[in-house]
Each structure stands twice: as structure tokens, then as C-alpha cells.
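**Q** One predicted model, sequence on top.
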There are 2 protein chains.
Amino acid sequence: MEGGSARERLLAAAAELFYAEGVHTVGIDRVIERAGVAKASLYNVFGSKDELVKAYLADRQRVTRARIEHGLQRYPTAREKLLGVFEIQGEVFARPGFRGCAFIGASSESPRPDGPVETAADEYRGWFRDLFLGLAREAGARRPEELAKQLCL
Amino acid sequence: MEGGSARERLLAAAAELFYAEGVHTVGIDRVIERAGVAKASLYNVFGSKDELVKAYLADRQRVTRARIEHGLQRYPTAREKLLGVFEIQGEVFARPGFRGCAFIGASSESPRPDGPVETAADEYRGWFRDLFLGLAREAGARRPEELAKQLCL
DNA sequence: TGAACACTAGACCGGTCTGTCTGCTACAGT
DNA sequence: ACTGTAGCAGACAGACCGGTCTAGTGTTCA
């Protein structure tokens, strides 16, 4: 864990540890140790562990969105794009270290139905919903029902 | 939370709280408060929080197995049973308080790839795999590949 | 009556976690 | 050379959690 600003290193360390072992299980000390950063720096940059978690989830969403939007360019029609989303995600799921959706994992540790983690998860689901909705509209079908079911998976 | 033995009340309270808020988030005090049971009783019955978690997951698996095995009786052929599993599970997923698979949630909080929680989750997945394998064999198909993919969902 | 038993209430201990604070180091701009 | 800034190292406080222990209460059975 070297190179880049303190913020980048912290975010990278947080992503690895939080995803592998859970947000609650991993303490601040583990994160700063892996990032090679002082504790004071973490609190200068993020202010709290909660903010670090939010930043980790936001980054996760950003990466996923970019991956899907980029991968979707291969597919010409809206119908193929709809199936392509699952294909792209399937490739990620098949990778060795895969431990399930990071948002599901994080929100299963979240105490309250509101709160920052749930909010981020909702936003993530909302983006997927909108993506499907747009594609389904473009492909032509009775939209919302199918979307809800596909989102369940 | 009243009626039944201390063990039953603890298990019921643990199921609600652990599932709703996560194994790590919910402390012993919360569980015994909801169960209306003294802390010493919990440790007399289960010995540790870890054992309580294991009992919670074992109970969860028992209930799920019973629900599926019972629901599957409706379907005459093996092919219909295969699809029926998803139908039965879909009904549960659609219920209001649904927060995702309890085993995925619990194992996303689990620190190590071994350990009791992961073991229970593996057992759970193993049971599903065997169920699918038996049904697929009965229906006649090239079995193991399809099973692995269906288990991913 | 009284002894065994199951349970409750809650104080208490040790460890761990988040978050703060104080020094020290190193480098960049003037 | 001087000063501001960014970062490191680690001690420290306060809170929380898992787990133990003591003391008290009610019930059952002889």
C-alpha cells in the first residue's frame, strides 16, 4: 500500500478490508496500518469512520457504474444491453475473491433502516433501477414490473 | 417476547435482532432485554455469543429447509420442482421485512474464511447444491454446471 | 420445613474500539 | 535560512461489549 496521497491509500485500504471482512469487523487501526498512514491523517481527511465508509461505498458505486457503462457500449441494441448488464456483472461475480455485493454486505451490518449506509445502498439500487428502466423503455415492454423482479436478483 | 423456555425466547429474540441489524451490531444486552431473560441464563444455555449465533443460523437453516421441502410437495415433476424452489423463495423475498439472505449477511460480517459462521453458510449452500443436484438428476440434464450457476443467485 | 433448582438483576473486569491530542519530521515557497 | 503545511508516531480518554460473579427470589419435591 504505497504511492498516491493519503486519501487514496486510505480509500484503497478501506476497500480491501471493509469488503473482505465487513465494515464493523475492521477497525480504524487495521485500515491505517495497511494504508501506512497515521491515525490523525485519517481524521484530518475524513473526519470520522462513518465518512470513510461513505466514501468507500461512493467509490464502489462509481467504479461499478463506470464498468457497466463502459462494457455496455459493446452491445448494439437496448435488448442486448439489458442482458449484457447481467453478463458484465457475472464476470465480476466469477472472480476469485468475490464475496457478494458490497452494499448488501454493508447494509446487513447497518443498525437502522435510515442512516448513511442504507442511503448509499438505496442510491445504488436506484441507479440500477433507472438504468433498467431506460433500457426497457428503449426496448419496449411493460416496464416497471419486470424491473422490480430483475432488481431482486 | 413471552412464553416458552428461556432458550426459545432467546432464539426468537436473536433471530429478530441479528437478522434486522446484523450479528456484530447487536449486543448481548439487546438480546436478553428483548427476550426478557437474565444474562446468566444466556450463558447457562449457550455458553457464548458465538454459540448463540450458530444456534440462530442452524435454526434459520432448519426453517428454510422445512419450508422448501414442504412447499415442494405441490409440484409433481422434478422439472417443476426445480423452478418451484425459486418460486417458494421468491415469496419469502417479497415479504415486507426481507433484508436479504441471513447467511450472506452474517458471513459478510465474519472475519475469517473459516470460522463457525462461514461453516454454517457453507453447509447451507451445500444443502441447496445437493437439492438441486438430486432434482436435476431426476429431471435428466448435464448437472453440475447448471447447478453452480443457479447457486450464484 | 427445608433443600435443590432455575432463574433474575445487576455490579464488575478486561479488552477493544473510536476519536483526540501532543510532539516530532520533512519538505516547499519565499 | 525561515516559516507554513502535511504527515507520522503513539499516548490517552471515554464508551461499549463480551463474559463472570454474587446475591436474591420463587418453585418443586421430599
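**A** Looks like it arrived, so ask away.

**Q** Quickly check: stretch A:16-30 near chain B or not.
**A** Yes: legend: contact between stretch A:16-30 and chain B by CB under 8 Å from any CB of the partner chain is shown at A:21-22, A:24-25. Placement of C-beta: from N, CA and C, glycine included.

**Q** close to chain B, is stretch A:116-133?
**A** No: judged by CB under 8 Å from any CB, stretch A:116-133 and chain B are separated, with a smallest distance of 10.3 Å.

**Q** The residues of stretch A:16-30 next to chain B: which two are farthest apart?
**A** Using CB to CB, the two most remote members of the residues of stretch A:16-30 next to chain B are A:Glu21 and A:His24, lying 9.0 Å apart.

**Q** just to revisit the earlier point, which of the residues of stretch A:16-30 next to chain B sits closest to DNA strand D?
**A** A:His24 (10.1 Å; CB to the nearest atom of the strand).

**Q** And the helices in chain A?
**A** For chain A, the helices defined by DSSP state H cover A:6-21, A:28-35, A:39-45, A:49-71, A:78-93, A:102-107, A:115-139, A:143-152.

**Q** residues near A:Pro76, how many?
**A** Using other CB atoms under 10 Å in any protein chain shown, A:Pro76 is surrounded by 8 other residues.

**Q** What separation do you get for it and DNA strand C?
**A** Distance, A:Pro76 to DNA strand C, using CB to the nearest atom of the strand, to the nearest Å: 47 Å.

**Q** now swap in A:Gly97 and tell me
**A** Taken as CB to the nearest atom of the strand, the span from A:Gly97 to DNA strand C is 22 Å.

**Q** who are the neighbours in contact with that residue?
**A** Neighbour list for A:Gly97: A:Ala20 [criterion: CB atoms under 8 Å, 6 or more residues apart in numbering or on different chains].

**Q** follow-up on the earlier one: among the residues of stretch A:16-30 next to chain B, which lie within strands?
**A** Judged by DSSP state E, strands contain none of these.
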